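Q: What shape does this take:
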Amino acid sequence: MLATTMFGGSNSSFESSQIEFHRRNPDIPLQSYMRNKRCQLGATVSSMQRIYLDQRFWIMFRDAPVSQGKDKVIFDLLALLKNLVSQGKVICPISESVFIELLKQSDKSTRLATTKLIDELSLGISLISFEERVRQELCNSFYDRAGITDLIPIRQLVWTKLANVLGEAHPFNMPFSPDEELVIQKAFSDLIWNTSLVEMVGHIDVPLQLNREALATQLNAENNAHQSMIGNYPQAFRAEFEGGLSFFQNEISALVKELNERGLDFDVKLARLNKKEFKVFSQSIPSLYIYGVCHAAVRWNKTKNLCGNDLFDFHHAAAALGYCDVFLTEKPLAHMLSQRHLELSKYKCEIFWSPASALNWLRENHS
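A: Down below sits the predicted model:
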């Protein structure tokens, strides 16, 4: 019934077995159940080299088989990646930005080809959404600063399956008892967990209409209006980071309250942090740190304005540098991220815009 309702297919044997399993294990809350699944997945992902592709590389790889080998470097790079993925050495996970850009593709046949390739190279794995990552990073950072030990490493807590790329969704307010609703919720989560991207995207007929140009224009106007307040790059970054952090004040307040209730006298007052303390704290929130760095780099460069695609690119950078080993992207973004004053080298992510350079690096490291 769940599979038929959601995807039009029939997975009745899977449903029945999972429902019976969860009826026999009623004491596990939904949140704990999903957290355990993600931790197990994170441990698996951590054992593989993670290579993040932005839209440019996904499209080049998608078109490689039909180009009849005209670009041999791309063809060879894709073949090597497929081989390494099949051996369990490499994975090419996506993020919500890759997913959103996929849905913007208007041609159904090429969108399907891209989707199939993502299923193959990602092994069905995605980072959790940007906002979810920031919340988890804040939690780990605050717990660590409060002296709590034995924390699960953040790199094991940020992975999920493709169907949850925009966040988890569970049925609720059903006409069942609370115990039976919990059983159905966990069984439904198992079904979603194993759903391919091809199956999910196949039910989306209309391309996503999402234009970020208006937002980019608004941000440019706001940056120009406050330009006189920014005297150097560190000031630009601090303004961007604190501005981004302000969207998570509810989560911060809840974390501080929780720690105080546990008998820990803890709070974070950014205004009281000196330069070194602020650097340590901001870098402990990698997704927000990298995203803020990208915005600050453009803000400090008075010859450049933001465009709509930059907002997607900055999310790609935050996902790749924060949690992957290699980032294949466009030349301008690669050059920007390599600027020494941005201090992004600490994230130990190799960045390539050239397919030939990426191919040579992979061959040297997987010979």
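Q: which residues of the stretch 101-250 of the chain fall in strands?
A: Remark: strands assigned in the stretch 101-250 of the chain by DSSP state E, counting those that start in this stretch are 125-127, 159-161.
Q: Starting from the last one, tell me which strands it pairs with and how they run.
A: According to DSSP bridges, the neighbouring strands of strand 159-161, each with its direction, are strand 125-127 (antiparallel).
Q: hmm, who's touching the strand it pairs with?
A: 41, 45, 91, 93-96, 99, 133, 158-162, 164-165, 319, 323 (C-beta atoms under 8 Å, 6 or more residues apart in numbering). Any C-beta I mention is one placed from the backbone N, CA and C, and that applies to glycine too.
Q: now with 7 Å?
A: Here strand 125-127 makes contact (C-beta atoms under 7 Å, 6 or more residues apart in numbering) with 41, 45, 91, 93-95, 133, 158-162, 165, 319, 323.
Q: ok, those residues vs Phe61, which is closest?
A: For the contacts of strand 125-127, the closest approach to Phe61 (C-beta to C-beta) belongs to Ile94, at 12.8 Å.
Q: For the residue lying closest to the closest one once chain neighbours are set aside, list each beta-bridge partner.
A: Nearest in space to Ile94, with sequence neighbours left out and distances taken as C-beta to C-beta, 6 or more residues apart in numbering, is Ser126 at 5.0 Å. Ser126 forms beta bridges with Ile94, Thr160, as assigned by DSSP bridges.
Q: So for Ser126, what pLDDT did the model give?
A: pLDDT for Ser126: 97.
Q: thinking again about what came up before, quick one: which of the contacts of strand 125-127 is most hemmed in?
A: Ala319 (31 neighbours; other C-beta atoms under 10 Å).
Q: So that residue sits against Tyr52, correct?
A: Yes. Between Ala319 and Tyr52 there is a contact under C-beta atoms under 7 Å: 6.2 Å.
Q: what mean pLDDT would you report for stretch 158-166?
A: pLDDT averaged over stretch 158-166 gives 92.
Q: now do stretch 130-141
A: Rounded mean pLDDT across stretch 130-141 is 95.
Q: buried sites along it?
A: Buried positions in stretch 130-141, judged by neighbour count with 16 or more other C-beta atoms under 10 Å: Phe130, Glu132, Arg133, Val134, Arg135, Gln136, Glu137, Leu138, Cys139, Asn140, Ser141.
Q: Could you dump the residues you listed into JSON lines with distance to Ala113 added?
A: Supplementary listing: these in JSON lines, determined by distance: C-beta to C-beta, whole Å:
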{"residue": "Phe130", "distance to Ala113": "26"}
{"residue": "Glu132", "distance to Ala113": "29"}
{"residue": "Arg133", "distance to Ala113": "29"}
{"residue": "Val134", "distance to Ala113": "33"}
{"residue": "Arg135", "distance to Ala113": "34"}
{"residue": "Gln136", "distance to Ala113": "33"}
{"residue": "Glu137", "distance to Ala113": "34"}
{"residue": "Leu138", "distance to Ala113": "38"}
{"residue": "Cys139", "distance to Ala113": "39"}
{"residue": "Asn140", "distance to Ala113": "38"}
{"residue": "Ser141", "distance to Ala113": "40"}
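Q: about what we covered before: Ile100 versus the residue nearest to Ile94, what's the distance?
A: 12 Å (C-beta to C-beta, to the nearest Å).
Q: the more surrounded of those two?
A: Ser126 (24 against 17).
Q: In space, what's closest to Ile204 - neighbours in sequence excluded?
A: Leu103 (6.4 Å).
Q: For burial, what's the neighbour tally of the one you found?
A: Using other C-beta under 10 Å: Leu103 sits among 17 other residues.
Q: for this protein, which spans come out with low pLDDT?
A: Per-residue confidence for the chain (pLDDT under 70) gives these ranges: 1-15, 67-69, 206-207.
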